[in-house]
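> Structure, please.
(2 chains)
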There are 2 protein chains.
Amino acid sequence: MITGKNYIGNSLSSKGSITYKTFNPKLNIENTTPFYEAATSEISAAVNLAAEAYKVFSKISGKKKAEFLNTIADEVLSLDDELIQSYCSESGLPEERAKAERTRTIGQLRSFATLVEEGSWVEAVIDTAQPNREPIPKPDLRKMMIPLGPVVVFGASNFPLAYSTAGGDTAAAFAAGCPVIVKSHPMHAGTGELVASAIVKAVQKTGMPNGVFSNLNSSGIDIGTQLVQHPKIKAVGFTGSIKGGRALYDLASKREEPIPVFAEMGSVNPVVILPKALKNRAIKLAKTYATSITLGTGQFCTNPGLILGLKSKSLTKFINNLGKEIVKVDTKCMLHPTIFDVYEANKQRAVFQKEIEVVGVYENSVKSNYARQMVTTVEGITFLENPILHQEVFGPYSIVVQCKNEEQLEMIISNLEGQLTGTLIADNDEENNYPKIIDALQNRVGRLIFNGVSTGVEVCPSMNHGGPYPASTDSRFTAVGIHSIKRWVRPFSYQNYPNALLPKELQNENPLKISRLVNEEQTVNEIKTS
Amino acid sequence: MITGKNYIGNSLSSKGSITYKTFNPKLNIENTTPFYEAATSEISAAVNLAAEAYKVFSKISGKKKAEFLNTIADEVLSLDDELIQSYCSESGLPEERAKAERTRTIGQLRSFATLVEEGSWVEAVIDTAQPNREPIPKPDLRKMMIPLGPVVVFGASNFPLAYSTAGGDTAAAFAAGCPVIVKSHPMHAGTGELVASAIVKAVQKTGMPNGVFSNLNSSGIDIGTQLVQHPKIKAVGFTGSIKGGRALYDLASKREEPIPVFAEMGSVNPVVILPKALKNRAIKLAKTYATSITLGTGQFCTNPGLILGLKSKSLTKFINNLGKEIVKVDTKCMLHPTIFDVYEANKQRAVFQKEIEVVGVYENSVKSNYARQMVTTVEGITFLENPILHQEVFGPYSIVVQCKNEEQLEMIISNLEGQLTGTLIADNDEENNYPKIIDALQNRVGRLIFNGVSTGVEVCPSMNHGGPYPASTDSRFTAVGIHSIKRWVRPFSYQNYPNALLPKELQNENPLKISRLVNEEQTVNEIKTS
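Prediction:
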């Protein structure tokens, strides 16, 4: 049941005086439950509980953490139809998507459970002592990753499950051993509370310390600001706009003790279509891209918002077909009236730029909050000289840039901001003829896709979801896949430490049978002591 | 030969109008060579060359990089006595230390050479395609670490070789594939230029691109500021004061594109002596610590500047003996008159605090720039309430804090700023009785030492040199050991990419025979394609 209250640790709480409601964009009406914004005293209580919980949670076994993560997954599944209905009524997204996102969320939780139960993720490194080494003895040194401390996770508007309350950031932080305080996204506060209730049940069922998780409601920026500035908070995870992510990054870096902010922000995901591919399959590519641009009403961080090609008849053919195809797609609802409004405003701003041409736009009448998809085109020089055209239009929009030659194409790519992905479309080995284009693209992105689409982020160890700023604030870490756990840990060394006091991961006997680098050899063997 | 000029790539250059000289603190006279500060045009030239060099250097083989690193080591050795003499005349440190530091520097370069020649450090992860997966096909995804881009390394005053021109930061960045611009430390500009000449020889001998390395002279903050703000610079390494490191961090985080700054800064390296150890070996510990506090004239970031114990007769005995022992140590020269002046001022400031007691200070007359070592003591409550006493006094100084009980000891530790190291001295298994003290210490440090001293940083894979802020600006990375390479790289994924175009590390045939995570199994096997 959705109560509208915050979870401060395991307790429901509503001490604040400000309330707000979520919105059903499909029906264009407010949902009924009022949500209580967290009061300052509730924020403090949540952070203090998290700091206390850290003392216990940071040291529990991988096996217990796995049990916790799997129980969260079970409890989220138990929410069953109530969760799916809440999701749909707060996002306007279809039931099919809700279920697919739940599957992904459950999968993420379970994959982190598997990772920490096995245990080798801590990157244990051991160099044993050499007491007789000259000129000075070598000490015994043992290193592993330990959790940073309590972290704050901001829910994402466009992923009410997979990148919100029990989403990737939270799962990775729990797996690392960090307590999590979620700043719930106001657009899906009910869905957030349901998932929070599942986490709290899992906390209680598996005996985790109270405070390992809290869920705070908030409709503005004040509560997030207080959380990021709190001295006991040690890291921040965020998925959303460049403006929002940068504001958090700035707050965190101005602290007396700066803390890392992992903000996964905007991206236009450039697609480069090489000439032979354009010539061979302009019509087919137009269909593929019309589908990709409008997938999820274009509300994905990997949405292909920029398509680059060399000026030619084939490119013109592609553009004309993309225009036709995009108009054929059924319009869909956006997540919220404010997101719809911003989409309309950004589209208008783009269209008002000089020398831009609209090649396709859905013009029939639509229901409230339904997005009219659009494709535009410009000459390379126009794009190069107008930074406004480089900006993301979050929604089902893309701009096709007609470059006059390869040199201009390379320059345009090199002048792009950092991106999550770049895509290269090529036929008949023509990719071999464009090494500079490929290098330029690689320098601006975190993932390079060959003959595919950027939408659809596979959750697997080899995925990198992140990229040069502003795709993310820290390109050195992925936000998707098991390696996203690395965001929440730091290395720690023990020197000449008593074996019995060491974490199990570093003890001579290797009781967890994890893979360790021992005297520069990767092994699961125990260390024999004489 | 020391010319006083900058290296802009492989060319000596002196376009600036400002010059400065280094200083021989032992003789208390200026050295003779004038050094030309880099002009703005030289800074631009160095950065532009580095950005061009990156295009080539980021992709050369591990084998070639290893050859480069080993040749740098050879060329540094070839500088022979000229280097040692320059080192001593610019630092006041003894020849023995110069040689030991050269050995460490050479060792670091060669260990990175070994690492990149073997190649598995790139953390290759491969998940092969599943074209028939339902509901959607799984793409082929392959991830590895790639270099960030040109980086700036600031030379450290207290390590003219091991943490300066060809020191740990530079070696790790080269190993990663990043061009390096060194902002030479003004106190040892001659030593820096000699080492720079060795690197340039290695660049030429091994055919590395011009601009992979530059060395810029600078006596103020302006040149460093320009470098950190330059859009083509992608990361910064720094070893030095909190004030200096924080200033660079702030500059970098205010950029339009923020970049990571790895600043390894101050630390007082708390030592906790438990009661039984104090009782059993107060006299021996006093000797050990008198030696550790004065090692290298106290000019180590791991110097034990804070000793904590429970108030007792044994602690008084330890304090009195530490006072006696510290006075017996021969005074030694500091690195530079300004470092000497700051040491004297910080010592004075400490002594002027309320209720502090000097228990031992070298009082005989000393030569110019020779540091009079000092030990002081205070009650726990005084220390807790006076943050000035928490601040590092860089030099042969330490304060012993007499805590009234275990609770106060824990509170003092919990209130410390982040530290590089913490040390626990314990006898007869008494460590088992102090879990809260140990937890508190672990939370504040990056390395925990048992029954030893914090000075002496072993260079090995299990070393962590770094810690919670302000020990370092990014506790998630070590500055010492092979894993320090992780500071200069980011993950990158290729999706459905043609095998022939992939980096060798990710090709099906595994031509480099590196260890890779393939479909969640760590293996050196090749991938069979049907």
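
> So residue A:205 is in contact with residue A:72, correct?
No: if you go by Cβ atoms under 8 Å, residue A:205 and residue A:72 don't touch, sitting 9.7 Å apart. For glycine as for every other residue, the C-beta is placed from the backbone atoms N, C-alpha and C.

> which of the two has more neighbours?
residue A:72 (31 against 14; other Cβ atoms under 10 Å in any protein chain shown).

> For that one, pull up the helix or strand it's in.
helix A:62-78 (DSSP states H and E).

> Which positions within the longest helix seen in chain A qualify as buried?
Across chain A, the longest stretch assigned as helix under DSSP state H is helix A:95-118. Across helix A:95-118, burial judged by 16 or more other Cβ atoms under 10 Å in any protein chain shown covers A:97-98, A:100-102, A:104-106, A:108-113, A:115-117.

> Same question for stretch A:123-132.
In stretch A:123-132, counting by 16+ other Cβ under 10 Å, buried: A:123, A:124, A:125, A:126, A:127, A:128.

> so the fourth one touches residue A:520, yeah?
No: taking contact to mean Cβ under 8 Å, the distance of 9.8 Å between residue A:126 and residue A:520 leaves them out of contact.

> Of the buried residues of stretch A:123-132, which ones also sit close to chain B?
Contacts with chain B are made by A:125, A:126, A:127 out of the buried residues of stretch A:123-132, judged by Cβ under 8 Å from any Cβ of the partner chain.

> Do you know the pLDDT at residue A:530?
With respect to pLDDT, residue A:530 scores 67.

> ok, now residue A:24?
For residue A:24, pLDDT reads 98.

> for residue A:266, same thing?
So residue A:266 comes in at 81 (pLDDT).

> so the closest residue to residue A:154 other than its chain neighbours, which of the three states?
Leaving aside its sequence neighbours, residue A:154 sits nearest to residue A:238 (Cβ to Cβ, 6 or more residues apart in numbering or on different chains; 4.4 Å). Under the three-state scheme (DSSP: H, G, I helix; E, B strand; the rest coil), residue A:238 adopts strand.

> and the gap between residue A:238 and chain B?
14 Å (Cβ to the nearest Cβ, to the nearest Å).

> do the same with residue A:188
24 Å.

> quick one: that residue is in a strand?
No: counting by three-state DSSP, residue A:188 is located in no strand; its state is helix.

> Stretch A:451-459: end-to-end distance?
19 Å (Cα to Cα, to the nearest Å).

> residues of that stretch that come out buried?
Per 16+ other Cβ under 10 Å, stretch A:451-459 contains these buried residues: A:451, A:452, A:453, A:454, A:455, A:457, A:458, A:459.

> Quick check: which of those residues are also close to chain B?
Answer for the buried residues of stretch A:451-459 near chain B (Cβ under 8 Å from any Cβ): A:451, A:452, A:458.

> The residue nearest to residue A:211 when sequence neighbours are not counted - how many residues pack around it?
Nearest non-adjacent residue to residue A:211, counting by Cβ to Cβ, 6+ apart: residue A:49, 2.8 Å away. Neighbour count of residue A:49, defined by other Cβ under 10 Å: 23.

> State the distance from residue A:49 to residue A:169.
Plainly put, residue A:49 is 19 Å away from residue A:169 if you go by Cβ to Cβ, to the nearest Å.

> Residue A:30 too?
Distance, residue A:30 to residue A:169, using Cβ to Cβ: 28 Å.

> Compare these two (neighbour count), which wins?
residue A:169 (31 against 12).

> Pairing partners for the spatially closest residue to that one that is not a sequence neighbour in the sheet, please.
In this structure, residue A:169 finds its nearest non-sequential neighbour in residue A:237, 3.6 Å apart by Cβ to Cβ, 6+ apart. With DSSP bridges applied, residue A:237 shows beta-bridge pairing to residue A:153, residue A:262.

> Am I right that residue A:237 is in contact with residue A:156?
No: between residue A:237 and residue A:156 there is no contact under Cβ under 8 Å: 9.8 Å.

> All good on my end, thank you.
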